[in-house]
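**Q** sequence and predicted structure below; questions after.
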Amino acid sequence: MLPYPLLTVSIVLMWLLLNRVTPGHILLGTLVGIFASWSLAALRPEKPRFAKWYLLPKLFGIVLWDVLLSNLNVAGTVLRGGRSPHPPGFVTLPVESGSGVILSVMAMIVTGTPGSAWLEYNSNDRTVLIHVASLENATDWRDHFKNRYEKLLLEIFA
């Protein structure tokens, strides 16, 4: 009945935190939680398999540092009146893994970092299209991403 019970309970609790606790909201939140759980089960996401889970704090630290630096760069651009030292651009990034878990984590990292956005994954070519708000050199950005994130993610989820 409930393939993801923790998800269902979390949605109900969030629903009640955002609304008043009334019998109607309890019922509606429960229905939303159940249908969300069923929807996720229909997608059948693959389960992550950690080969080197102890590298997760290293990845977290790298991402946190890069988000901080990116926030400072975006803030600088805003304070300069929207004038960036480098023009925006698109980068096509070849990726080694076709794993949904690795691609999802990469997408979260890229999109969660201010100044960049994951736009498209091409499964035929195994490439990702990324928009970068201030792109100095596409080759350097590509190498930075592959050496800093993809290599580590391939180790973690090998």
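**A** Received, thanks.

**Q** quickly find the element holding the residue nearest in space to the middle of the chain.
**A** Centrality entry for the chain: nearest residue to the mean C-alpha point is M108, 0.9 Å, by Cα atoms, centre = their mean. Assigned by DSSP states H and E, M108 falls within helix 100-112.

**Q** in that helix, what counts as buried?
**A** By neighbour count on 16 or more other Cβ atoms under 10 Å, the buried set for helix 100-112 is V101, I102, L103, V105, M106, A107, I109, V110. Yep, even glycine has a C-beta here, placed from its N, CA and C like the rest.

**Q** now the residues you listed in a markdown table, with distance to F90?
**A** Output for those, formatted as a markdown table (distance: Cβ to Cβ, whole Å):
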| residue | distance to F90 |
| --- | --- |
| V101 | 25 |
| I102 | 22 |
| L103 | 18 |
| V105 | 21 |
| M106 | 16 |
| A107 | 16 |
| I109 | 18 |
| V110 | 13 |
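
**Q** what is the nearest of the residues you listed to L18?
**A** Nearest to L18, judged by Cβ to Cβ, of these is A107 at 26.3 Å.

**Q** and that closest one, what does it touch?
**A** The neighbourhood of A107, defined by Cβ atoms under 8 Å, 6 or more residues apart in numbering, consists of W118, Y121.
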